[in-house]
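> Structure, please.
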Amino acid sequence: MNETLKALLPQFIGISVFIISCIASVHVILNKRDTKATVGWIGLIWLVPVLGSLLYMLLGINRIRRRAKDLRVEHMDSVSHSGLEVADHIDIPDNFTGFSHLVSKIISKPLLNGNVLQPLVNGDEAYPAMIGEIDRAEHSINMMTYIFDRDRAGKRFVDSLVRAARRGVKVRIIIDDVGARYSFPPVTGLLRRGGVKVSRFLPTMLPWRTPYVNLRNHRKILVIDNQKGFTGGMNIREGLMLKEKLKHSFQDLHFSVEGPVVSHLQEVFFTDWAFCTGESPEADEIPLLSEASGTTIARGIPDGPDEDFEKLQWIVHGALMAARSSVLIATPYFIPDSSLIKTINLAALRGVQVDIILPAVSNLPLVKWASTDVLGQIMEHGSRVWLSPPPFDHSKLMIVDDVWTLLGSANWDTRSFRLNFEFNLECYDKTFAASLKEIIRNKMAHAHRVTPDEVNGRSLPVKLRDGIARLFSPYL
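Purely as a prediction, here's the structure:
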């Protein structure tokens, strides 16, 4: 009998491996949208039996998308647009009418009129404004961020948040689990001891922090009393306080927000709070429209590996196709995929002046190398690339035809477009766009314009280094 079992064991193992590979392949075919990813995973499953299927189960299945959707259904029924009334007439420039209709099809949130947005340059302007509003809060403070360091900047926020909690303000904080590890010990302990409710987004088993871990909450939102908001690309780090003249300083942009669109910031926060804690907002905290007092038409754009998958990327493609005269892009990380490169080039071929401002020195060398490898394709049809001098510039902006602005947390890379949770605002306002254009033009005035000869003239070892780095672009 034992001899018979030994003889049949290889056949049993072979059949089991075949069945496992078939099941994994069927799942790939039914669930992967990208053909290259489908072919790659199927190849790995069959060429590396068992291990390939195991890797697909661990890395290829987007479980967070399913979990996020379930939590939203269970806990967020009360957070809806039932209390939101869209203005009777929103005056969109003619060349953006079709684009606005496109975004409305992609995003369930309505365009809201009557908002006031103000750019805040670096932590020198943003942090005092944010802490000032926290100190004036009467009812609630809802805040989420990717990085919240336990340094001079972080402790100023902690002191203000703890003071608010002690005077009876309901304070909720979401910090990404990886972002919380950028300083040790994490700031979460200080906040909890001060009576602040803190949740770490999607705890990971990794015992260390790494800038290349995906599926992170990269959103930066602060809402005070459901009336005043802040959003943009700024984390809580002392390096953003440039007046302190620290060794590791860097630049960034943030924005204060007033008006009806604050409800979109609040809604996204409560969605993530439900995801982290299972708690729903109380009846008096359901996002409602605040009074319209400005001229900016705006809409919140949440994006992430859940039901909001790839929505931001669709909108960016649409904005490039809607452009008639100019596109200004500022981003710290720029690794567009082949489809986005084509859309940028098509805009340039139509006569649109495309200017892309990147930092000359990056805090992530691998990303810098991968980005350099695509610059030749970007400049091939007339787009211009500029490298701004140090300190490292973390600003994120897109301005189209001096009217439409995209601002927020997302970078121009796969991690932001497909793998991380982001929040951005689209805005229609010529005056607001002009003020931001002035900021970008000032950056360009001090920047170096990259030439095709510089990119093509890289040595062979550097080209190989950059090309290999680009192979890892989905993970950078």
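> Could you please name the strands whichever strand or helix holds Trp386 pairs with and the direction of each pair?
In the assignment (DSSP states H and E), Trp386 maps to strand 384-388. Using DSSP bridges, strand 384-388 pairs in its sheet with strand 353-359 (parallel), strand 448-449 (antiparallel).
> so of those, which one's packed in deepest?
strand 353-359 (a mean of 21; mean count of other Cβ atoms under 10 Å). Any C-beta I mention is one placed from the backbone N, CA and C, and that applies to glycine too.
> Go ahead and produce PDB holding the CA coordinates of the next helix or strand after that one.
The first helix or strand that comes after strand 353-359 along the chain, using DSSP H and E, is helix 365-379. Extracted C-alpha coordinates of helix 365-379, given in PDB (Å, rounded to 0.1, in the frame of the first residue of the first chain):
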ATOM      1  CA  PRO A 365      16.800  58.700  -5.900                       C
ATOM      2  CA  LEU A 366      15.100  55.700  -7.600                       C
ATOM      3  CA  VAL A 367      12.100  57.800  -8.500                       C
ATOM      4  CA  LYS A 368      14.400  60.500  -9.900                       C
ATOM      5  CA  TRP A 369      16.200  58.000 -12.100                       C
ATOM      6  CA  ALA A 370      13.000  56.500 -13.400                       C
ATOM      7  CA  SER A 371      11.600  59.900 -14.100                       C
ATOM      8  CA  THR A 372      14.700  61.000 -16.000                       C
ATOM      9  CA  ASP A 373      14.200  57.900 -18.200                       C
ATOM     10  CA  VAL A 374      10.900  59.200 -19.600                       C
ATOM     11  CA  LEU A 375      11.800  62.800 -20.100                       C
ATOM     12  CA  GLY A 376      13.000  62.200 -23.600                       C
ATOM     13  CA  GLN A 377       9.600  60.900 -24.600                       C
ATOM     14  CA  ILE A 378       7.900  63.900 -23.000                       C
ATOM     15  CA  MET A 379      10.100  66.500 -24.800                       C
END
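> by contact count, what packs against helix 365-379?
For helix 365-379, the packing partners by 3 or more Cβ pairs under 8 Å, 6 or more residues apart in numbering; DSSP states H and E come out as helix 338-349, strand 384-388, helix 452-456, helix 460-471.
> In TSV: the ones you listed, plus distance to Ile45 and mean pLDDT.
Below are these laid out as TSV (distance: least, Cβ to Cβ, whole Å; pLDDT from 0 to 100):
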stretch	distance to Ile45	mean pLDDT
helix 338-349	24	96
strand 384-388	39	96
helix 452-456	37	92
helix 460-471	20	90
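> Tell me what Val121 is bridged to.
Leu253.
> Next one: it relative to Tyr127, how far apart?
Per Cβ to Cβ, to the nearest Å, Val121 is found 11 Å from Tyr127.
> Kindly report the same for Ile174.
According to Cβ to Cβ, Ile174 and Tyr127 sit 19 Å apart.
> same check, this time on Gly52
When distance is defined by Cβ to Cβ, Gly52 is 48 Å away from Tyr127.
> If we ignore the residues flanking it in sequence, what's nearest Met444?
Nearest non-adjacent residue to Met444, counting by Cβ to Cβ, 6 or more residues apart in numbering: Trp386, 5.3 Å away.
> whoops, Phe157 was the one
Ile236 (5.7 Å).
> Contacts only, for the one you found.
Applying Cβ atoms under 8 Å, 6 or more residues apart in numbering, one finds that Ile236 lies in contact with Tyr127, Thr145, Ile147, Phe148, Asp149, Ala153, Gly154, Phe157.
> again, 10 Å this time
Contacts of Ile236 were listed using Cβ atoms under 10 Å, 6 or more residues apart in numbering, and they are 123, 126-127, 130, 143, 145-151, 153-158, 175, 179, 182-183, 187, 220.
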